[in-house]
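**Q** Predicted model, plus sequence, below.
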Amino acid sequence: MKALILFGSPKRNSHTARLTGAFLKGLSKSFEVEIVRLFDLKPTPCNDCGYCKAADGCSKKDLDEFMKHYAEADLIVVASPVYLDAFPAPMKALFDRFQRFFCARFRRHIEKPIEKPKQAVLLLTAGADGTDAQTILEKQVRRAFSVMNTNLCVTILCEHTDAHEVSDADLQRAFELGKTISCKGMQL
C-alpha cells in the first residue's frame, strides 16, 4: 500500500513535522511512504486558463509527476500548520490545481477522474485556538477531494503551539491513528 504525505510546513523540524512523524511511527512498515514537501514543490497557482475544461490534465506541467503519485496512493495525509485559519500558500495552490478534477467531472462528464479510491487524514497544528480553522480546512479538503475518489476520515488538531510544544497526548493520538490504519487495513 502507498501513503502520500502532503507536507505543508516550510520547516522540516516543526510542530507539524513532529505530529506527522508520530503518525508515521504508528503506520505499518508495509506502507510505501512518499513525503511531498510543498514548499519545495512550489506548485504553480491555477490561473483559470481553461485547459482542463476541454482536455485531461493541466496546461502547467509542474505537477504531472505528483498527480501520478496521487493516483497510485491508497492513503493521503494532509499535514499542515494553520495560517490565519487557512492553509499556507503552497498547500492552497495545490488544492486550487485540483480544479482540473472538477472540470473533468462536471464539464467533461468523467464519473471518476481518479479511479483508485483513497482515504485521507488531516493533521493540523495551530498556534492558537484552531477550532474555527479545523472547520474551515476540513470543508476545503472535503470539497477538493469530493471529485478525487478520496474520503477525509479523521482530523487531528493540535492547538496553542505558539505557547507550547505539541503535547505528548497529541503525539500519542497521531501514533495510535497510524496504528489503527495499519491494523484495520485502511478502514477508518
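**A** Everything's here; your move. Numbers count the residues shown, from 1 in each chain.
**Q** Strands of this structure, start to end?
**A** Using DSSP state E, the strands of the chain run over 2-7, 32-37, 75-81, 118-125, 150-158.
**Q** and residue 44, which of those strands is closest to it?
**A** Closest to residue 44 of those is strand 32-37 (CB to CB; 14.8 Å). Where you see a C-beta, it was placed from the backbone N, CA and C, and this is true even at glycine.
**Q** Who are the packing partners of the closest one?
**A** Contacts defined by 3 or more CB pairs under 8 Å, 6 or more residues apart in numbering; DSSP states H and E place strand 32-37 against strand 2-7, helix 64-72.
**Q** Can you list the helices and strands that the shortest one packs against?
**A** Under the contact criterion of 3+ CB pairs under 8 Å, 6+ apart, the helices and strands touching strand 2-7 comprise helix 15-26, strand 32-37, helix 64-72, strand 75-81.
**Q** Tell me which of the ones you listed sits most buried.
**A** Ranked by average neighbour count under the criterion mean count of other CB atoms under 10 Å, these are headed by strand 75-81 at a mean of 25.
**Q** The helix or strand of the chain with the lowest mean pLDDT vs strand 150-158, what angle?
**A** In the chain, the helix or strand scored least confidently by mean pLDDT, DSSP states H and E is helix 168-183, which has a mean of 91. Computed by axes from the mean of the first three to the mean of the last three CA atoms, to 10 degrees, the angle separating helix 168-183 from strand 150-158 equals 160 degrees.
**Q** Nothing else from me, thank you.
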